[in-house]
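Peer 1: okay, here's the prediction I keep looking at, along with the sequence it came from:
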Amino acid sequence: MSTASSRSITRRNLLKTAAIGAAGAAAAPWIARQAQAKPASITFMRESAYVKEFDEYFQNVLATTYEKETGIKINYEIVAAGGAPAMTRLIAIVENKAPVDMAWGQQEWLYREALVDVSDIDEHIGKTQGGWYPEITRLSRWDGVWKSVPHGNIGQVMVYRRDWFEEAGIKTFPDTWEEFLEAAIKLKAKGHPFGMSMGHGYADNNSWLFPLLWSYGVEVVAKDGKTIHLDSAETARCVDYVRKLYKEGCLEDCVGWLDIHNNKAFLTSQISCTNNASSILLSAKRDLPEMGKVIDHALNPRGPKGRFHSLVPVTHCIFDQTPDPTETKKFLAWLLDPKQAAGWYESADMYYAPFMHHYDHSPAWNKDPRYPVLQKVLETGKLWLWPAPTDRKAGQTINTWVIADMFAKACTGASTKTVIADATAGLKQIYGQA
Amino acid sequence: MNHTAEAVRAVPPAAPVLRFLRPGLRPSELLEREAVFSWLLLTPPLLFLVAFLGYPFVYGVYLSFFQRQVASHAHFVGLGNFVELWADPIFWKAAGNTVKFTAAATVLKMVGGLGMALAMNQNFRLKALTRAFLLLPFIVPTVLSTVAWQWILDPGMGLINRLLIVSGLVTTGPSWLGNPTLAMVSIILVNTWRGLPFFGISILSGLQTVPADLHESATIDGAGAWARFRHITLPLLLPVIFIVTTFSVIFTFFDFQLVYVLTGGGPANATHLMATYAYSLSMNSGQMGLGSAAALSMVPVLGLVLVVLALYVRKD
């Protein structure tokens, strides 16, 4: 309630108001300057690259160049490789609003709500760099808004010992899953089993199991993101196939492997074939040059419905806690300009295959005859749970290993009917139909 | 000691509190007062406990009643998360695995630790050095030692399978981490290896308090080694064994790093424990509420263990 005294203008009130006004007027230009000032630094979180030259190129060339050009220091925060540490850090950044401006995103379906709209950058790149591979837009563009800028795909392909395949009389890599099984049996008989991961990893398991399902026509969850299609004759066929492949053609250990284990088994000559990124080849070229000469890459075999690959995408995201989204976006746009980005991709021996068509015919692909197949993955690559939306439910399905466990259980003694029923029940629970 | 009387002396009536602040009071005089000094000592650990144990625990309890996903608002669901877990077969698999893992590892550590302590209590050359080496599994960071165990358990290159093959026991070594049963056996053995020194050293300290004259009298009375152990050593060690076991149950029940690094809970959830499952729900799937509920569902079992401990100590 107002009173007469509070309404009246006294000399003291007038002086006070005038002083505040004067101070405000004097401070206004300073405040405005502060508001417009560039940030002193931008913090960028990334998972450590398997190819150390990639991180070194960023730190020694890109970050220093940007600082020279703009005066903004780029803090490069690296977390351990392997999927899980980066995911944990990303979730912690989002939950705690940690002072990190941008990151190399993975599984952004879990935290899209905490990301800045980057449609302007994506649309510009799309127009100027030959357009995007369409499948990646299902991840980065959500409800019509781009929430991340696709960076590259970690190409998951079949990695095999060409010398041992030739010794077994197999001159070209199997074209179909049936031929793949025959090859596995032959190679195992010669003491060189396959090692197909089915444990609680994040890439090397799903990256052949989903393509196998797709190539037999299995949609785990329909495009509507509701209807569960797993329980089918085609799934049963795939489960039986994997059980046979495991029993007759694989190293027993692979059913429990995490992502690092198949690299270790391959590089210690325990297996002759696995599904992996180019990290095995790159490690062998660096540390085991003789083995490096006899390793080869091949596309996944095809099934009755075609040939498929899993995308293992990495993107760039800007967190909504960044104090200056405009400057962070400027840096991201600068980073992905081919003037900068081409050298960066190349420094990693194209370990990250760019999602822009601009790089389809980059001479960097010809550096080694085994690299182009990593680029071909983009043509038939699908996101896990395809054609279902890349939402939180898809994320939970992947991160609780519903599909990998279905196959692993079948390989360790459970019946086909049981494992499909268990996986379907798990999916129903996640998709809210239990 | 009369604790009540001491407490009355330590905490003077309300009015004299102001006397602490009387003009001219020197800091050294203030510190002389037991009530002030004890609180000064207690405050840092208390703040530490509140910040790093109390707050996360209370926040975890709060989250368990909400559907709360990463980067989104929370919706109150009451006991909804617990109901969802009740119907979740992986939750029950993880619960069963946790009980089996804890029980087997604790028994092995208890028996092995007792043996280790009895051996270490003997006089032999380099005893001090041997005792120091026995502590190594406890000192080395779990993640590092578990990575070493990954190599030891490797089917082709691993030390165990190499020894089995070289000794002619098998022609092909088993898959320690690929076979569901052996994977569980492996994580139990690695946990036992890591936890054994805790039991060994704790029981050894208890062993050294057993009066030698009791053994001498029993020997004179004709008691053999087993009879002396059964009727003198063991009864006197029981309080130490009980307390060490209780602590070990808690540590083992919550074990995370070992399984996370060695198997990730696989193959086919054969080694998934409550801690790894709660982690995969919260930190990998972003289901903070559901993950908190899974983690919290361990509390009643552990609470029961703590009640038993408290009752035992009180009785003592």
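Peer 2: Nice, thanks for sending it over.
Peer 1: how about the residues of the stretch 151-300 of chain A by chain B?
Peer 2: Neighbours of chain B within the stretch 151-300 of chain A, by C-beta under 8 Å from any C-beta of the partner chain: A:198-201, A:251-258, A:261, A:264-265, A:268, A:270. To be clear about C-beta, it is placed using only N, CA and C from the backbone, and glycine gets the same treatment.
Peer 1: show the buried residues in these.
Peer 2: Among these, those that count as buried by neighbour count (16 or more other C-beta atoms under 10 Å in any protein chain shown) are A:198-201, A:251-258, A:261, A:264-265, A:270.
Peer 1: which residues of the stretch 51-200 of chain B lie near chain A?
Peer 2: Counting by C-beta under 8 Å from any C-beta, the stretch 51-200 of chain B sits next to chain A at B:69-72, B:84, B:87-90, B:150, B:154-157, B:174-180, B:183.
Peer 1: quick one, domains of the chain?
Peer 2: Chain wasn't specified; assuming chain A. The record's domain split for chain A, according to automatic domain parsing, is A:41-154+A:312-378, A:157-311+A:383-430.
Peer 1: you looked at the wrong chain, it should be chain B
Peer 2: Listed domain ranges for chain B are B:3-64, B:80-315 (source: automatic domain parsing).
Peer 1: mind telling me which of those domains the model trusts least?
Peer 2: Least confidently modelled of these is domain B:3-64, at a mean of 75 by mean pLDDT.
Peer 1: quick one: name whatever helix or strand follows the helix or strand harbouring A:Gly292.
Peer 2: Under the assignment given by DSSP states H and E, the secondary-structure element containing A:Gly292 is helix A:289-294. Tracing the chain C-terminally past helix A:289-294 and defining elements by DSSP H and E, one meets strand A:295-298 next.
Peer 1: name every strand pairing with that following strand and say which way it goes.
Peer 2: strand A:157-161 (antiparallel) (DSSP bridges).
Peer 1: neighbouring contacts of the partner strand?
Peer 2: If you take C-beta atoms under 8 Å, 6 or more residues apart in numbering or on different chains as the criterion, strand A:157-161 is touched by A:173, A:192, A:208, A:266, A:272-278, A:280-281, A:294-301, A:309, A:373-374, A:377.
Peer 1: low-confidence ranges, the stretch 301-434 of chain A, go.
Peer 2: A:433-434 (pLDDT under 70).
Peer 1: all strands of it, in order?
Peer 2: The residue ranges that make up the strands of the stretch 301-434 of chain A, judged by DSSP state E, counting those that start in this stretch, are A:302-303, A:306-307, A:309-310, A:313-318, A:352-354, A:381-382.
Peer 1: just to revisit the earlier point, and of the buried ones among the residues of the stretch 151-300 of chain A next to chain B, the nearest to A:Val220?
Peer 2: Minimum separation from A:Val220 among those (C-beta to C-beta) is found for A:Met198, which lies at 15.9 Å.
Peer 1: who touches that closest one in this structure?
Peer 2: Applying C-beta under 8 Å, 6+ apart, the residues near A:Met198 are A:205, A:209, A:242, A:246, A:254-257, A:404, A:407-408, A:411, B:266-267.
Peer 1: now these as TSV including secondary structure?
Peer 2: Shown next, in TSV, are the contacts of A:Met198 (DSSP: H, G, I helix; E, B strand; the rest coil):
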residue	secondary structure
A:Asn205	coil
A:Leu209	helix
A:Val242	helix
A:Tyr246	helix
A:Cys254	helix
A:Val255	helix
A:Gly256	helix
A:Trp257	coil
A:Ala404	helix
A:Phe407	helix
A:Ala408	helix
A:Cys411	helix
B:Gly266	coil
B:Pro267	coil
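Peer 1: cheers, nothing more for now.
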